[in-house]
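S.K.: please work out how this folds:
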Amino acid sequence: MQLTELNAKYTLEAAALCSEAYEKEREACTQLPNENFSERIAGCVGWLIANGTGAMALENGKLIGYLAFFQPFENFFGNCAGVFAPLHGCAVSYSENGRGKTASMLFAFASERLVKKGVTSYAAALPAHDGELHRSFALNGFGIRCADAIRKLDRPLVSKAPEGIKCRELEKSEWPKVLRLRALLTRHLAKAPAFYPTGSDYFSTERFEKRETRIFTAEKEGAIIGFIEVGAEGENFVSASENMRSICGACFDEDARGSGAAPYLLSYIISTLSAEGWKYLGVDCETLNPTALHFWGKYFDNYTYSFHRRVDERAIGYEEYIASAEAGFFRSASALCEKL
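M.R.: Presented below is the predicted three-dimensional model:
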């Protein structure tokens, strides 16, 4: 096996490996679209190769696996530089034995170069049912921190209306009405066990403005007790489908949780989107947020897990330190030998 830097010559081969991985995942997660994403995947992989950094594994000149990241982000899950490999950023051929070993070697090759550049935070989205790659990343010090899930909209969610609860979609001029709940969500995510700080845009409608957002609310006695945000923005080639919309935010008052208001609002959204002709609804959530994990897991099927690892910052420049220390030791040893 030959490990080398990923280059554009292998774009179509990389896209074929990613398409193979998607078909394997679709066999396990039957909610996924039965669509040919090969052209979109090739475009995504090509862009990633041109603008990112990564590694590939060759066997007799044939691509058998690759791992590619976006360019480093600052403050990526910590006060450090980090990189992310999206769903189209990692694939290993299913025809190869030892897929996990190949994935491990790809990470070692790529991270060795990135750590020297000061990158210490690493994340990768993997198909939810690829246990071999999950084990490989876990043994390399990664842990799961979020997931993408999907639901077909031809499956209605029947939820009995809780007493006094009404659902509706807000006009854009009404968006500020949910900022109180956005602040509540920020506090919730910052607490144990999530410990996930969010940006200042959670306290304004700025975040809504950045995407084709729709805000749906559950109300009781004229007061908003919960909301779910639905957008067109996709974070991978599946959620970017023209037939799909994605949930990108939700929060309910604490005393409304468990009342049935949340599933009733979700049911309202599913009925609304289905009537408009949408075929799929996606959601991504932090798996380290047990409230979200439990709720969305009832109604959606996971098709990705994102794995994350922080490298000890002391590793930066450590090879040079060791080399310098060894050189100093041998100089001292040589001097001692000459005296003897």
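S.K.: for the residue nearest the centre of the chain, list the residues it contacts.
M.R.: Nearest to the mean C-alpha position of the chain, by CA atoms, centre = their mean, lies S306 at 4.6 Å. If you count contacts by CB atoms under 8 Å, 6 or more residues apart in numbering, S306 has them with A123, A124, A125, L126, I144, R145, C146, A147, D148. Yep, even glycine has a C-beta here, placed from its N, CA and C like the rest.
S.K.: out of those residues, the closest to R211 would be?
M.R.: D148 (16.4 Å; CB to CB).
S.K.: how about the closest residue to that closest one other than its chain neighbours, secondary structure?
M.R.: Spatial nearest neighbour of D148, chain neighbours left out: T304 (4.1 Å); criterion: CB to CB, 6 or more residues apart in numbering. Under DSSP: H, G, I helix; E, B strand; the rest coil, T304 falls in the strand class.
S.K.: now for this protein, the helix or strand with the poorest mean pLDDT.
M.R.: Least confident element among the helices and strands of the chain, by mean pLDDT, DSSP states H and E: helix 318-339 (a mean of 62).
S.K.: ranges for the strands of the stretch 201-340 of the chain?
M.R.: 214-220, 223-231, 244-252, 280-286, 301-310 (DSSP state E, counting those that start in this stretch).
S.K.: possible to save those strands as TSV with distance to R135 and mean pLDDT?
M.R.: Converted to TSV, these look like this (distance: least, CB to CB, whole Å; pLDDT from 0 to 100):
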stretch	distance to R135	mean pLDDT
strand 214-220	39	97
strand 223-231	34	96
strand 244-252	29	94
strand 280-286	22	95
strand 301-310	11	98
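S.K.: for those strands, which one sits closest to E112?
M.R.: It's strand 301-310; of those, that one is closest to E112 (CB to CB) at 14.1 Å.
S.K.: how far away from the center of its chain is the closest one?
M.R.: Here the centre of strand 301-310 is set off from its chain's centre by 6 Å, with CA atoms, centre = their mean, to the nearest Å.
S.K.: then stretch 292-312?
M.R.: From the chain centre to the centre of stretch 292-312 is a distance of 8 Å (CA atoms, centre = their mean).
S.K.: swap in stretch 278-297?
M.R.: The answer for stretch 278-297 is 12 Å, by CA atoms, centre = their mean.
S.K.: where does the protein dip in pLDDT?
M.R.: Scanning the chain with the threshold set as pLDDT under 70 gives 201, 318-340.
S.K.: can we see that at 90?
M.R.: 49-54, 96-97, 155-156, 158-161, 197-212, 232-235, 240-242, 254, 256-259, 314-340 (pLDDT under 90).
S.K.: which residues of it fall in helices?
M.R.: 11-28, 38-51, 99-116, 131-139, 179-190, 206-209, 261-276, 290-299, 318-339 (DSSP state H).
S.K.: could I get those as JSON lines with mean neighbour count?
M.R.: Shown next, in JSON lines, are these (neighbours: other CB atoms under 10 Å):
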{"stretch": "helix 11-28", "mean neighbour count": "19"}
{"stretch": "helix 38-51", "mean neighbour count": "18"}
{"stretch": "helix 99-116", "mean neighbour count": "19"}
{"stretch": "helix 131-139", "mean neighbour count": "17"}
{"stretch": "helix 179-190", "mean neighbour count": "16"}
{"stretch": "helix 206-209", "mean neighbour count": "16"}
{"stretch": "helix 261-276", "mean neighbour count": "19"}
{"stretch": "helix 290-299", "mean neighbour count": "16"}
{"stretch": "helix 318-339", "mean neighbour count": "10"}
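S.K.: between the ones you listed, which gets nearest to G282?
M.R.: Ranking those by proximity to G282 (CB to CB) places helix 290-299 first, at 10.2 Å.
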